[in-house]
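Visitor: Kindly generate the corresponding structure for this input.
(one chain, ligands or ions: 1)
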Amino acid sequence: MTLDELRQTAAILDRDDPLAQYRDHFHIPRRRDGRAVTYLCGHSLGLPPRAAAASVHRELQAWAELGVEGHFQSARPWVSFHELFTPHLAQLVGAEAHEVVAMNTLTVNLHLMLTSFYRPTSVRRKILVGHAAFPSDRYAIAAQIALRGWQPEDTLLVAQPRPGEATLRTEDVVDLIDRHAHELHLVLMDGVNYYTGEFLDIATITAAAHRHGILAGFDLAHAAGNVPLALHAWGVDFAVWCHYKYLNGGPGCVAGCFVHERHGLARDPLPRLAGWWGHEKSSRFAMGPDFVPIPGAEGWQLSNPPLFSLAALLPSLELFSEIGMVKLRAKSEQLTGLLDRAFRALLPEAVNILTPPEPARRGCQLSVRLTHNAKSIFHALLAAGVICDWREPDVIRLAPVPLYNRFADVVRCVEVLTCAQ
Ligand SMILES: *Cc1c(COP(=O)(O)O)cnc(C)c1O
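Guide: Next up is the predicted model:
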């Protein structure tokens, strides 16, 4: 492949792209000279849907016109506003309606889930995590271990790639679970890892854990809205994710949570950190002292939710439901596949791709080690309006997102990288 051939291929793919029109549903940031940037940073903060402002404005207006009556009288009553998310989230992560809820933020939801699901015995108390777990997750897990009176150092088990490899092999994770089954209580891994972009085999890892009576939870911060998920069918016990990365809900947006019905609808409700919004809806406003949880994931809610954040998120989730993950994934594989092929053909010396090459083992992100002058090349990308991010010591992460990126964005990134060498 030459640079010219890349340009021609991309032009044809853009021309024939059935999702091309969706780019116009988003605001694309502009450079000082007015040209749109090449935004490859949807893994960190998705772009705003044009419809988000109107959705927030509607509720500001309802507040101005109705005051407290907005809880029940608004066209989208606030008291049940979070229920508008149920069908979208169920479709997005492959769940039953009563297994999902939009609430809190990601790390908070992780703590809520660990409080309910991490109830170890002194023998089976270890938690298996991945090699490149996100710091916030590590802090939360270590804090939960410490709260139970143990040392994180001898309670965590960390799955590592083989020497010379950058990502985990499923069979190695399964082998680790088998070997440590007698002391493991919980497997808590990423769906897609933030650093390497690897997409773990959630179904196989969950089945391996369950064979030994070990619970399996997943952080889907980089998986939700990026790869197809079937949490209910895979039997995952619980999962959490945020909505501001691939799901475009805006900075600090309300997060998501999944609790499998075998736990959420269990006759004896799991212990939890309770709050009034998780209380049975019919008697919530009777204001009695005894907590009766709503059956399902909604029973883990604490507070009435930040409404303007939910309002900003809804238009993006409606787009995901309208298009569906199957079509998004098809374009995503093409986009990321083109970037991968172009790097291998045109920049074989300069670029070392950490993310697995098989489409089934990654989402849209490529994590790339720059072999020479990494920092200055990263700055050259930014100066040329190619927005990506930097991870020490020499890695950039690029995410062509099928909802608003074009194949031309892949070309632009490769052109700038070629010139910067
Ligand atoms: C983005 C991300 C977070 C961030 O957590 P917040 O509570 O939303 O600030 C945590 N964990 C993972 C794996 C992430 O990718």
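Visitor: nearest residue to V326 other than its sequence neighbours?
Guide: Take V326 and drop its neighbours on the chain: the residue closest to it by Cβ to Cβ, 6 or more residues apart in numbering is P228, 6.9 Å away. In short, each C-beta sits where N, CA and C put it, glycine included.
Visitor: do the same with H263
Guide: L270 is the one closest to H263 (Cβ to Cβ, 6+ apart), at 5.9 Å.
Visitor: on that earlier part again, now the phi/psi pair for the residue nearest to V326, please.
Guide: When read as degrees, to the nearest 10, the backbone of P228 gives phi -70, psi 140.
Visitor: The ligand versus that one, what's the distance?
Guide: Per Cβ to the nearest ligand atom, to the nearest Å, P228 is found 19 Å from the ligand.
Visitor: In three-state terms, label the residue in the stretch 201-350 of the chain that the ligand sits nearest to for me.
Guide: With Cβ to the nearest ligand atom, the shortest gap between the stretch 201-350 of the chain and the ligand falls at A221, namely 3.2 Å. Here A221 takes the coil state, with states given by DSSP: H, G, I helix; E, B strand; the rest coil.
Visitor: for the stretch 151-300 of the chain, which spans come out with low pLDDT?
Guide: Judged against pLDDT under 70, the stretch 151-300 of the chain has no low-scoring part.
Visitor: In stretch 364-371, which residues are buried?
Guide: Within stretch 364-371, the residues scored as buried using 16 or more other Cβ atoms under 10 Å are 364-370.
Visitor: ok, and does it reach over to the ligand?
Guide: No: using Cβ under 6 Å from any ligand atom, stretch 364-371 stays clear of the ligand, with a minimum separation of 11.1 Å.
Visitor: and that stretch, C-alpha only, in PDB?
Guide: This file holds the C-alpha atoms of stretch 364-371, laid out as PDB (Å, rounded to 0.1, in the frame of the first residue of the first chain):
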ATOM      1  CA  CYS A 364     -11.700   0.700  17.600                       C
ATOM      2  CA  GLN A 365      -8.700   1.900  19.600                       C
ATOM      3  CA  LEU A 366      -5.100   1.300  18.400                       C
ATOM      4  CA  SER A 367      -2.400   1.800  21.100                       C
ATOM      5  CA  VAL A 368       0.800   2.600  19.300                       C
ATOM      6  CA  ARG A 369       4.400   2.700  20.600                       C
ATOM      7  CA  LEU A 370       6.400   5.400  18.800                       C
ATOM      8  CA  THR A 371       9.900   4.000  18.400                       C
END
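Visitor: quick one: stretch 380-388 to chain centroid distance?
Guide: 24 Å (Cα atoms, centre = their mean, to the nearest Å).
Visitor: what is the mean pLDDT for it?
Guide: Averaging pLDDT along stretch 380-388 gives 97.
Visitor: Quick one: neighbours of M189, just the number.
Guide: 24 (other Cβ atoms under 10 Å).
Visitor: Hmm, it is touching T204, no?
Guide: No: M189 is beyond contact range of T204, at 11.6 Å (criterion: Cβ atoms under 8 Å).
Visitor: Could I get the contacting residues of the nearest residue to P251 once chain neighbours are set aside?
Guide: Leaving out its chain neighbours, the residue that sits closest to P251 by Cβ to Cβ, 6+ apart is Y244, at 5.8 Å. By Cβ atoms under 8 Å, 6 or more residues apart in numbering, the contact list for Y244 reads 45-46, 250-253.
Visitor: Quick check on those residues: which are buried?
Guide: By 16+ other Cβ under 10 Å, the contacts of Y244 give 45-46, 250, 253 as buried.
Visitor: With distance to the ligand and secondary structure as added columns, please give those residues in JSON lines.
Guide: Listed next are those as JSON lines, based on distance: Cβ to the nearest ligand atom, whole Å; DSSP: H, G, I helix; E, B strand; the rest coil:
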{"residue": "L45", "distance to the ligand": "10", "secondary structure": "coil"}
{"residue": "G46", "distance to the ligand": "12", "secondary structure": "coil"}
{"residue": "G250", "distance to the ligand": "12", "secondary structure": "coil"}
{"residue": "C253", "distance to the ligand": "8", "secondary structure": "coil"}
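Visitor: Phi, psi for the residue nearest to P251 please.
Guide: phi -100, psi 0.
Visitor: Next one: it relative to A52, how far apart?
Guide: Noted for Y244: a distance of 12 Å to A52, by Cβ to Cβ, to the nearest Å.
Visitor: Identify the contacts common to the two.
Guide: G250.
Visitor: F258 reaches V236, doesn't it?
Guide: Yes: counting by Cβ under 8 Å, F258 sits close enough to V236 to count as a contact (7.0 Å).
Visitor: now, among the buried ones among the contacts of Y244, which is nearest to L112?
Guide: Minimum distance to L112 across these is 17.1 Å, recorded for C253 (Cβ to Cβ).
Visitor: Got phi/psi on that closest one?
Guide: Dihedral angles (degrees, to the nearest 10) for C253: phi -60, psi 150.
Visitor: list the contacts for A350?
Guide: 370-372, 377, 417, 421.
Visitor: P289: which of these is nearest?
Guide: The closest of those, once distances to P289 are taken by Cβ to Cβ, is L370, at 59.7 Å.
Visitor: who's in contact with that closest one?
Guide: L370 touches 350-352, 377-378, 394-396, counting by Cβ under 8 Å, 6+ apart.
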